[in-house]
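Colleague: when you get a sec, could you give me coordinates for this:
(4 chains)
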Number of protein chains: 2
Amino acid sequence: MKTSIIKKMKEQGFKITPQRAAIIEVLADETLHHPGANDIYRQARKKTKRLGLSTVYATLNELCRLGIIKMLEFDKKENRYEGNINPHINLICKNCNRILDYNLPVSIDPKEFLKKSRFWVTDTRLEYYGYCRECRKK
Amino acid sequence: MKTSIIKKMKEQGFKITPQRAAIIEVLADETLHHPGANDIYRQARKKTKRLGLSTVYATLNELCRLGIIKMLEFDKKENRYEGNINPHINLICKNCNRILDYNLPVSIDPKEFLKKSRFWVTDTRLEYYGYCRECRKK
DNA sequence: TTATAACCTGGAATCATTCCGAATTGCAGA
DNA sequence: TCTGCAATTCGGAATGATTCCAGGTTATAA
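Modeller: Okay, here's the model as predicted:
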């Protein structure tokens, strides 16, 4: 995943700086699902000497614009970022703030939807809020 | 709708002040779909002499907590509020920022979902981003 | 009518994110 | 390998929606 992202960026004419490499490395870390900008900042800092928070934001925005990652925007909480691009439902635990992926049973066909609703869908955001397995135990 | 909201608030022990009445009146206005806090502030001001923006926020938060209205949270844009509580998809136009409702073809059964996923769903947020009929014409 | 807890308000505080401008650097081409 | 420069970086300041605060006001039960 890391190398494929770097390849995509190079193709688009972006320079691969140590800062960007570190950020991409963190995003590719499967154990760290749906991190926020500060999580990414903290982790990436361990991998490269100089790194500013504004650089993290700029890079994440760039990756979003390229459609390589997806931003999950929130109002009161930090935004979160995910590498899983294909449509799915995000299960968001209101207790521990963990975000889990849940594959869609059926996918939407934008063309079909356009016919029915006259609305042209380019992007979806599907979230179920509630309590995850671990938090329900308590 | 206006009277039913006021009834609910009274039941919960809330006082009905002129400010709250004005805000509820604006929320009940069907022509003004999914307004933001500032829209509500501007409209409600016409209906009552003294009104502060902080009061609007406080009242909207209260109504959300009571489950009477629903807040659609955004990061860069203003949050929006809707009176339609039953689950549906919000179609959000990226051009004009209009938000349209689209009824779900099938609803989720939380119990069913809990069995399958071990996640207890209390609330959903379903959004399709894209372009509405009017904006597609251009 | 009164007592009082709830309510209202303007201004200050918050906080994630963006902006800015000066310094630095990756890298294409020589 | 070296050079030139557009792209990149980064600290600090700005932004903007929302929340907090403390003092004055008021709806409502008794």
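Colleague: got the buried residues for the helix or strand where A:F113 lies?
Modeller: In this structure, A:F113 sits in helix A:110-117 according to DSSP states H and E. Across helix A:110-117, burial judged by 16 or more other CB atoms under 10 Å in any protein chain shown covers A:P110, A:F113, A:L114, A:S117. Where you see a C-beta, it was placed from the backbone N, CA and C, and this is true even at glycine.
Colleague: likewise stretch A:5-15?
Modeller: For stretch A:5-15, by 16+ other CB under 10 Å, it's A:I5, A:I6, A:M9.
Colleague: in helices, which of the residues you listed fall?
Modeller: Using DSSP state H, the subset of the buried residues of stretch A:5-15 located in helices is A:I5, A:I6, A:M9.
Colleague: where does the nearest residue to the first one once chain neighbours are set aside land on pLDDT?
Modeller: Translated: A:I5. In space, and not counting its chain neighbours, A:I5 is closest to A:I24: 5.0 Å by CB to CB, 6 or more residues apart in numbering or on different chains. pLDDT, A:I24: 97.
Colleague: quick one: the following helix or strand past the helix holding A:F113 to chain centroid distance?
Modeller: The helix or strand immediately downstream of helix A:110-117 is strand A:120-131, counting by DSSP H and E. Centre-to-centre, strand A:120-131 and its host chain are 13 Å apart (CA atoms, centre = their mean, to the nearest Å).
Colleague: rewinding a little: and the helix holding A:F113 with chain B, contact?
Modeller: Yes: counting by CB under 8 Å from any CB of the partner chain, chain B is contacted by helix A:110-117 at A:P110, A:F113, A:S117.
Colleague: dump those residues to a markdown table, plus pLDDT.
Modeller: Shown next, in a markdown table, are the residues of helix A:110-117 next to chain B (pLDDT from 0 to 100):
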| residue | pLDDT |
| --- | --- |
| A:P110 | 93 |
| A:F113 | 96 |
| A:S117 | 95 |
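Colleague: closest to DNA strand C out of the residues you listed?
Modeller: Ranked by distance to DNA strand C (CB to the nearest atom of the strand), the residues of helix A:110-117 next to chain B are led by A:P110 at 26.2 Å.
Colleague: spatially nearest residue to that closest one (excluding sequence neighbours)?
Modeller: For A:P110, the closest residue by CB to CB, 6+ apart turns out to be A:V121, at 4.8 Å.
Colleague: no further questions, thank you.
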